[in-house]
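J.: sequence first, then the predicted structure, then my questions.
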Amino acid sequence: MTLQPRHALLASAALALTACGSAGLPAAPDDQPPATTIRGTVSTWTGPGTVTLPGPSGAALAQADVAAEGTFTLTLPAAPALEGLTRSVPAAISEVGCTGTVTSGDPSARGYAFGTLTARDTAGTREVLAADLSVAYVPPKATLLARAWLYADRATRLTGTLNCGALIGAASAPVTVDVSARAGWNVVGIVVNASYGLGGVSASGRMALTTDAATTWLSSGELVAKLPGR
């Protein structure tokens, strides 16, 4: 599942980061059922409008109206809508903008993943993601906290390490993956801590299941604007 190449728009977010280890995302409870909807709010919304999950061909896999205050509930596509679109679960997880190889406990498991939606309102069209930056200013430091959604046709555990440097504009950001995916839609949390010093950018992080909670969706430009000095 790659937070797709469009997440390269976050590249400038790395230029002022220093490690911040205290922030994180809550772990998913053991009894959390598969997700069926995304409950969210689009930041700086000027409705009316919609949010759309576009498929590889550009056709919408799911779409929802957005209320005047930016809130929406998007129903995730069911298995039949994903027919012909699934890949091996390790290949799907790469769709969050990370590279490398992880191991699936069930190599026959198939999956689909995404990390962005297309928002359309009276101000225009933009890609938005469920992410935020935890920032401190002296010294400048931040942690990227993001959610992505992974569909799996059966339960499997993904383990290994991915390079998620593209998410923050670093050459390397090793992220430890430990995702115990259940059959259906899973909410995957991605945490990347980065530091900037005389030696350049140093970053690392982790990827695991997180809570199915209401989320705030921002454009990459809004995230970058949170950085120190912006």
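T.: Nice, I can see it.
J.: what sits against residue 165?
T.: 171-173, 203 (Cβ atoms under 8 Å, 6 or more residues apart in numbering). Backbone N, C-alpha and C define where each C-beta goes, glycine included.
J.: next, the closest residue to it other than its chain neighbours: phi, psi?
T.: With sequence-adjacent residues excluded and distances taken as Cβ to Cβ, 6 or more residues apart in numbering, residue 165 is closest to residue 173, at 4.1 Å. Note on residue 173: its backbone torsions stand at phi -150, psi 80 [degrees, to the nearest 10].
J.: what's the local residue count around residue 173?
T.: 24 (other Cβ atoms under 10 Å).
J.: swap in residue 86?
T.: Neighbour count for residue 86, taken as other Cβ under 10 Å: 18.
J.: go on, residue 51?
T.: Neighbours of residue 51 (other Cβ under 10 Å): 24.
J.: ok, it touching residue 71?
T.: No: counting by Cβ atoms under 8 Å, residue 51 stays clear of residue 71, with 10.4 Å between them.
J.: so where do the helices sit in the chain?
T.: Taking DSSP state H, the helices of the chain run over residues 89-93, 220-224.
J.: can you redo the ones you listed as CSV with distance to residue 162 and mean neighbour count?
T.: Formatted as CSV, the helices of the chain follow (distance: least, Cβ to Cβ, whole Å; neighbours: other Cβ atoms under 10 Å):
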stretch, distance to residue 162, mean neighbour count
helix 89-93, 8, 24
helix 220-224, 20, 19
